[in-house]
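Trainee: Mind folding the following:
(chains A and B)
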Amino acid sequence: MASGTSTQLLDTLDLRDQSHPGFYASLEEVEQLDPPPPHAHAVRRAWKEMNLNGVLYVDRSPAAYFREVKSVTDKLIRRLQRTLWNQAVAPLLVIISPAEVRVYSGQVLPARDDEAPDENNRLVEILDRTSDILEIQQLVSSIETGRLFGNHPKSFDREHSVDRYLLRNLDAVRLKLSDEEEQDRLDIETVHGLLTRLLFACYLIAREIIIGDHFSDPHLSKLSREHRLGDLLESLSPSKARSVLYRLFGRLKTKFNGSLFDTDLIKEKSLIKDRHMEVIQSFLKGDDLGNRQLSLRFWAYDFSIIPIETISAIYEGFLDAEGPTTRRLTGAYYTPPHLAELLVDIAIEGWDEPLLKKRILDPACGSGVFLVSVFNRMAEQWRIENPRRHNGTRAEALINILKRQIFGIDTHETACRITCFSLYLALLDHLKPRDIEAIENQGRRLPRLLLRKGKKQNVEEPRSIVCGNFFDPELSLASNDFDLVIGNPPWVSGGKSKDPYFLAWVGDERDVKAPQKQIAHGFMRESPKYLVPNGRACLLLPSAVLHNRTDKFQKAWFQEVNVEKVVNLSDLSFILFPGSDRPAIVARFVAKPRLPDDELIAYESPKADITSQLGGPIHIYQGDVTSIRLSEILATAEQSKASMLWKSHFWGTPRDLRLLDRLGDMPRLEDIVGTPRNPKRLIKGRGFQPERLPTDRKRAWWKPDHLFVMPGSLSLCLFPDDCEKVGNRFRVLHRCPQKDIFQPPMVLVSEGARNMKIAFCDFPVIFKRSIYSIAGGNKDSHLLRFLAAVVESDVAQYYLFHTSSSWGTERDRVLFYELLRLPFSLPTETNKPDQARDIMEEVSRHIQNMSNDVRSGNYPLGRQEAVEHLRRELEPLIRQYYDINEYEEMLIEDTLEVFKRSSTPGSAGTRIPTLRQTVLDDRKQYVSTLCGVLNGWASRSKFKVSGAVTYAGAAGQAIVTLTKAQSPSAYKESDAPGELKEAMKRISDILPQSTGNLIRHRGLKVFEQNHIYILKPLTLRSWTRTAALNDADEIASGILGRKRGN
Amino acid sequence: MVCCGDPDLWADLFPENLVPDIIDLVVNTWGDFPSPAADELEVPITRRFCCELIKRQEARLLPFRIEPESSVLDVDLAEEKGRIDIRLSHGYRHNVYFAIECKRLNVFSKGKRRSLAGEYVDEGMTRFVTGKYAKDLDKGAMVGYVMDGKLGDAIKSVQVSIEGRRSELRMTRGATLMPSTIRPKLQQVKQTEHKQGKTALLIHHIFLSVR
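Mentor: Just a heads-up that it's a prediction; the model follows:
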């Protein structure tokens, strides 16, 4: 809290009381925090560079910098906003002048020197200190609650953040240097080597580790923080610029040595032509060589302030760029820096011993982004533990950490070099230029870290970054030697995996060791080998490792290791992984003998919100946290349903799980669907596959006037007019299933990229493999029409949303085998067979009638309207068939109207229904549902429960007050008085538990006499009817479980 | 969820802790349950019966998740304590609120009728009393499937068996199988009281006739 160093700041922003515990008014206050908050190093640098007067942490993550000024000038704002953008740590800068309070965004590209800094949404808000006093006093609260970000989405676009901008810029440079259409194209390794050194030089110059005084060369002697490399090279011809640049590289090689400069610079220089130098000069001048719309047209980067983690992460893009084929084959993807930080947070949470004492291994280190994050934290801890040690000691200690505690493996030498480079940068970043000079003078230079491919460790001078294959039994790295194995192993599966070591390791145990040859599974199985007893592994993995059909693997792996926690990041896919096509999970596990079954595994599924969309911390609310029993995993894996277990716990609340349990206990569609070879009442099949290979000889059995249908035409029922004559297409086929599957009556299904399409069909029609059919005999017409209606119903959509692997986590897609798991009873299998038969026939009649009307042209509505109208008519009948009660209807409707629409949103600006601020009707409905359920259970009691809501809009919080009395009272709602607002704000600040980039929110329920008070955020997710049902269960649990001290 | 304050004052909202609702659920579901074969074993009967319980509308209105046979772990000893035939747990928590142990009574085997009342006590009730399911569980239920439909005989046999094992069952002197205080009108529902450490344990006994 503020120590009072700046009275103007504290008074202006109303920070004098204790209501904003995350505000610090001096650097000393920040530095005294133990454990050090994330980004402590970066905040310290920003404080000095920007001459700050305060910093606001929200949930232990820097949210805003504060700076007081006597007057606002464009030049000053331009400089500060540019620094803010470069640092990419806090998204906001608040400038307090005598007349105004101005808020600037760090997620808008910086202004050129001739551009007004307030334009292009850089200026988020401007508040007059006389007329906007109230708004100014609520400014900090609006940052804390995220309202400010939500109100100004155009000011917060992560596509404009420094890491993504620089990444795009480097991509463009790389493409130009390695342009395949040019004769003098450079190979990709040369380009990477060149760019790595180029940015290293920029960094050293910006940090004044390299200055003009170090050179006798007349050009290089002009180098300074102000006269940058770009300025220097711009004035020279390409040929001269090349000579100067390689002279600089030569000097760096002598000065730093390490594993970065062992390339043959003379040979490389000979490959660099004038055209290449022009590209480099253009890049260093600030030209955006890629997206012209986003061009800055000046050198905006300030490497003295860009966090090393960002630079390190950017280099991971180099690995991606070894060509799309390489990327596909190796599975290496860009790991954004905040994701790396998040993984480290999860890895070390709850550890008793300090990180400083640990040995860390990243088994697929890529650019070293995780190792850099861990090293920075270790260095910060060393600084806190050794406040009085002189700088030489620090340098030695940090070098020792690099050599002895930070280890990485990668198959690619480029990756290993980049890791070494990133670690060198991180090391230098913690040292002052004069310390670096001292190291150089003592002849120590940078430590050699890289062990090249095929080389053995030298016991005298072991290397920590090992170029080798994790699955190589001869890998030169000791087993059982690390406290933490952390990383983002490659994600590559199926026939794409060409890694011979991995394939040899898998052998013929694919289902158990690595289903679909997913290499990430291999890392899950092999990581424990490197851990000390009780050591931890924490891996970022494709969610497919749990969500796909990996039952045998899961059964083996969950018994081999002790999985402590799984964090499913699928909902944040598009935010955390720009460009990635697959969602991710984090699995943290311990390599100790497993406990007997029933051990609980924590399962957290955070959902996107405004702060995570901005790259800020990820919030985990009560509804996102559950635990899964190991015995459940093993039992469901035995039934080949483990993926459903993980998926149902993803969006499903405890109430949903009860409904899903019930539906899951019903007979399934697959029970009555066989194949032509193993027929059941119905048979399934897949359409034909046209000629694909020159050897294909199968002749089509149909005539040219046979009807043919495409997936887009499927919509509840199919008419001949939806089809076309096949003509002479597809005369030769690659695959052609039996004729039976093309014969009516049948239901046609397409998996599709979006929601599944389905239609009943009562005439023969052929189709390609993108369509499946479920066909029956004439007696099955009612059943099949009913099936089409069921799949289109909300009940089925609800079930499939919660159980299919991709929907709501990746792509809105339901696979055919997942459809076959749909609960589907025949009337005779229900508790009321006669009623069920009547419903089925009625549904079938409705569809038939509509079909007849449409065919005869008597239907007044258009096709889509007709289907939608019918669907609405049939829904109550389907619900009755499935015996859905009033409360289950609420769950179904909330899932489809709120949760489904909120899943996997894009970046800032995407509207997320769960985050909508509630209105009176929402809150009233919540209270009505909650009290209705409680009073239903209290039917034998003389008391009834009624509810009221007190809200504090500015704090983003509300209190629900439930009162037990003999006569219930009507719903009431009121705005909280000032003091209560403050109290609500304070409580909501105190409740969350933060571990860096991960904030765990806890709800609060207080039993007091005849009242229960529930504190909750004002956003819709907490006020759905689903939330009311679960809150009622929780209250009942509190009352019924009271005797056992729960 | 941070829960504070004293929920005791809210206990009267749910008289008898919703146990009458659970007993009604069991009895009513059995009324509509297809009668098992006379020689059907306990496990398949219970599995089917549990599925029927989950499906019942009354069950879906209660604040419990009903699950079939599942193991109970002793966290301190890291070992399995026992298996509960039917468990009712709170939605958010994995700890058991109410456990139901099922046993067959009056079974025909090899042409002879066996009461199995001894097994009902030794392998059923004892598990509650010894804290096999949960140390702090203060209530639970035994379900007896009376395979020959003779409820009176079965209840009497169980009563005799209980009286012969009072000390193992930690019952006070003279204690026996008593009419249910919360469902006194249902002759097939009884109860017994036991000491479990410093707390009392109430076991409800529901005898279900296989006709």
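
Trainee: Any idea which residue of the stretch 351-500 of chain A lies closest to chain B?
Mentor: Relative to chain B, the nearest point of the stretch 351-500 of chain A is residue A:352 (19.4 Å; CB to the nearest CB). The C-beta positions use only the backbone N, C-alpha and C, and glycine is treated the same way.

Trainee: Tell me the secondary structure at that residue.
Mentor: Secondary structure, DSSP: H, G, I helix; E, B strand; the rest coil: residue A:352 is coil.

Trainee: can you give me phi and psi for it?
Mentor: phi -80, psi -50 (degrees, to the nearest 10).

Trainee: count of residues packed around it?
Mentor: 4 (other CB atoms under 10 Å in any protein chain shown).

Trainee: Relative to residue A:997, how far out is it?
Mentor: 21 Å (CB to CB, to the nearest Å).

Trainee: before we move on, what about residue A:621?
Mentor: Taking CB to CB, one finds residue A:621 at 16 Å from residue A:997.

Trainee: again, but for residue B:17
Mentor: The separation that residue B:17 has from residue A:997, given CB to CB, amounts to 43 Å.

Trainee: Surely residue A:508 is in a strand?
Mentor: No - per three-state DSSP, residue A:508 lies outside any strand segment and is coil.

Trainee: can you count the residues close to residue A:48?
Mentor: 11.

Trainee: and if you look at residue A:398?
Mentor: Residue A:398, neighbours per other CB under 10 Å, totals 22.

Trainee: Mind pulling up the pLDDT for it?
Mentor: Note on residue A:398: pLDDT of 92.

Trainee: OK, contacts around residue 30?
Mentor: If you meant another chain, say so; for now it's chain A. Remark: with contacts taken as CB atoms under 8 Å, 6 or more residues apart in numbering or on different chains, residue A:30 is in contact with A:24, A:37, A:40, A:43, A:44, A:47, A:55.

Trainee: actually chain B
Mentor: Residue B:30 neighbours (CB under 8 Å, 6+ apart): B:49, B:208.

Trainee: Spell out which helix or strand contains it, please.
Mentor: Secondary structure here is read from DSSP states H and E; on that basis residue B:30 sits in helix B:19-32.

Trainee: Test of understanding: give the bridge partners of the residue nearest the centre of chain B.
Mentor: Geometric centre of chain B, nearest residue: residue B:141, 1.9 Å, by CA atoms, centre = their mean. For residue B:141, the beta-bridge partners are residue B:100, residue B:204 (DSSP bridges).

Trainee: What spatial separation is found between it and chain A?
Mentor: As for residue B:141, its distance to chain A is 15 Å (criterion: CB to the nearest CB, to the nearest Å).

Trainee: Is that residue in contact with residue B:25, as I believe?
Mentor: No - applying CB atoms under 8 Å, one finds residue B:141 not in contact with residue B:25, separated by 10.7 Å.

Trainee: ok, residues contacting the strand or helix carrying residue B:88?
Mentor: Residue B:88 is located in strand B:86-90, with elements delineated by DSSP H and E. Here strand B:86-90 makes contact (CB under 8 Å, 6+ apart) with A:1033-1034, A:1036-1037, A:1040-1041, B:22, B:46, B:49-50, B:53, B:63-70, B:95-100, B:102, B:143.

Trainee: go on, stretch A:375-392?
Mentor: A:34-36, A:40-41, A:308-309, A:344, A:348, A:354-356, A:393-394, A:397-398, A:401-402, A:405-406, A:423, A:426-427, A:429-432, A:434-435, A:438.

Trainee: Mind jotting down where the strands sit in chain B?
Mentor: B:2-5, B:64-67, B:70-74, B:79-84, B:86-90, B:96-105, B:107-109, B:112-114, B:139-146, B:178-179, B:189-196, B:199-209 (DSSP state E).
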